[in-house]
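# Sequence plus the predicted model coming up.
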Amino acid sequence: MRKSLLRAVAAILIVAAAGMWLAAGANRGWSKTTVPVKRTDEVTGITVDDYQKRFVPGIDFLGAALLGSGILAGASFLFRAKRPQT
Amino acid sequence: MTNHTTHMRTKGYLLLALACLSSAALAVPETFDFKDPKGVNNATFKLDAPLEALSGNATGISGTVTFDPVAPAATTGKIVVASSSMHVGNPMQQQHMLSDKWMDAAKFPDIAFEVKELRNVKTTGEVTTADITGTFTLKGISKEITAPVKFTCLKDKLSQRVPNQKGDLLVIRSTFNIKRSDFGIMPGQMEEKVSDTIELTLSIAGASPQ
């Protein structure tokens, strides 16, 4: 039971992390806590990137999820399957 | 008849003198302040290393430039970028970038460019292009660099940005490359992740209130 639960949590973790990463634009760089939002001054024509607080997961986020998922899946092997009693 | 001709000539000379005076008045160089209340002035930096690309900007711009659209070659001035205003999206990269190993923003708070001379000056309407040479100071090391520059002088446009304030605007744009190794920023180290070449783009507007 515990074995199945750990494996299920591991699978959910990696699928959820991958889904979140893809939904946020599949950023192949490091995770960001601020993102640039362009603003243009109408008179001068100058465009500036204003940084706004937003979390964008990167490959480090995916790596951490993969590691966590691997630990959970690995831990599941510590539990022995119950043998049917004869 | 002769008196009338002399009178007309005198009038003509007077008009010519007035025209000369007014053009001389136009030729007065203006000093533009680049502390922007709108927070639009910015310097962006881009690094493209084999393993990693990094980009960000700095908005802490100040300084003054004296510019005369009639004699743009005589431009003087200094633009300063506050090191601490440099920003990248990743907080760890931001911390590393400003640390004593890289930019050492605490010890070297200013990145500066001081104009020495302009060459290949061409003016078309309100736009002047040139090759600008000056002293670029980064992390306490000063080097002479030359970069292409574009000045756009916007006459009487200040009131459109700052209500109830008459005056002119000067927009300066320039893109050029520097090498971090030239300025003692971790020379020869981690070049696979942090490229030696840094592309800098300056987009700033200065105001000259009247």
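Received it, and whenever you're ready, just let me know what you need. These numbers were taken from a predicted model, which means no experiment stands behind them. Residues are numbered from 1 along each chain as shown, chains lettered A, B, ... in the order given.
# For the residue of chain B found nearest chain A, list the residues it contacts.
The nearest approach of chain B to chain A comes at B:G89, 3.5 Å away (Cβ to the nearest Cβ). For the C-beta atoms, the positions are set from N, CA and C on the backbone; glycine is no exception. Shown in contact with B:G89 (Cβ atoms under 8 Å, 6 or more residues apart in numbering or on different chains): A:32-36, A:51, A:56, B:56.
# cutoff 6 Å now
A:32, A:34 (Cβ atoms under 6 Å, 6 or more residues apart in numbering or on different chains).
# if we look at the sheet, which residues does the residue nearest the centre of chain B bridge to?
By Cα atoms, centre = their mean, the mean C-alpha position of chain B lies nearest to B:I172, the distance being 4.7 Å. Listed by DSSP bridges, the beta-bridge partners for B:I172 are B:F151, B:I204.
# just checking, it touches B:G206?
No: assessed by Cβ atoms under 6 Å, B:I172 is found out of contact with B:G206, at 7.3 Å.
# Could you list the low-pLDDT ranges of the chain?
This is for chain A. A:81-83, A:85-86 (pLDDT under 70).
# Can you look at chain B instead?
Along chain B, the model assigns pLDDT under 70 to residues B:1-27.
# Get me the contact residues on it for chain A.
Where chain B comes near chain A, counting by Cβ under 6 Å from any Cβ of the partner chain, the residues are B:40, B:42, B:57, B:87, B:89-91, B:157, B:160-161, B:171, B:203, B:205.
# out of those residues, who has the most neighbours?
B:A205 (26 neighbours; other Cβ atoms under 10 Å in any protein chain shown).
# Look up the closest residue to that residue, ignoring the ones flanking it.
Nearest residue to B:A205 in three dimensions, chain neighbours excluded: A:T44, at 4.2 Å (Cβ to Cβ, 6 or more residues apart in numbering or on different chains).
# you'd agree the one you found is in a strand?
No: under DSSP: H, G, I helix; E, B strand; the rest coil, A:T44 sits outside any strand and is assigned coil.
# tell me the phi and psi of it?
Main-chain dihedrals, A:T44, degrees, to the nearest 10: phi -90, psi -20.
# With B:G140 instead?
Backbone phi and psi, for B:G140 under degrees, to the nearest 10, turn out to be phi 80, psi 0.
# residues touching it, list them.
B:F108.
# hmm, try it at 8 Å
B:G140 neighbours (Cβ under 8 Å, 6+ apart): B:107-108, B:184.
# Looking at the residues you listed, state which has the most neighbours.
Counting neighbours by other Cβ under 10 Å, the top entry in the contacts of B:G140 is B:F108, with 17 neighbours.
# and the gap between that residue and B:S159?
Taking Cβ to Cβ, to the nearest Å as the measure, B:F108 falls 38 Å from B:S159.
# Please apply the same query to B:T129.
27 Å.
# between these two, which one's more packed in?
Shown here are B:T129 and B:S159; by other Cβ under 10 Å, B:T129 has more neighbours (18 against 15).
# Mark which of the residues of chain B next to chain A are part of strands, please.
Using DSSP state E, the subset of those located in strands is B:42, B:57, B:87, B:171, B:203, B:205.
# now for these, which pair is the farthest apart?
Pairwise distances across these peak at 22.2 Å for B:H87 and B:V171 (criterion: Cβ to Cβ).
# Which residues of chain A lie near chain B?
A:29-36, A:39, A:41, A:43-49, A:51, A:56, A:58 (Cβ under 8 Å from any Cβ of the partner chain).
# swap the cut-off to 10 Å and go again
When proximity is defined as Cβ under 10 Å from any Cβ of the partner chain, chain A approaches chain B at A:27-36, A:39-51, A:54, A:56, A:58, A:60.
# Filter those down to the buried ones.
Buried members of those, scored by 16 or more other Cβ atoms under 10 Å in any protein chain shown, are A:27, A:29-32, A:34-36, A:41, A:43-44, A:46, A:48-51, A:56, A:58.
# Strands along chain A, start to end?
Counting by DSSP E, the strands of chain A are A:32-40, A:47-56.
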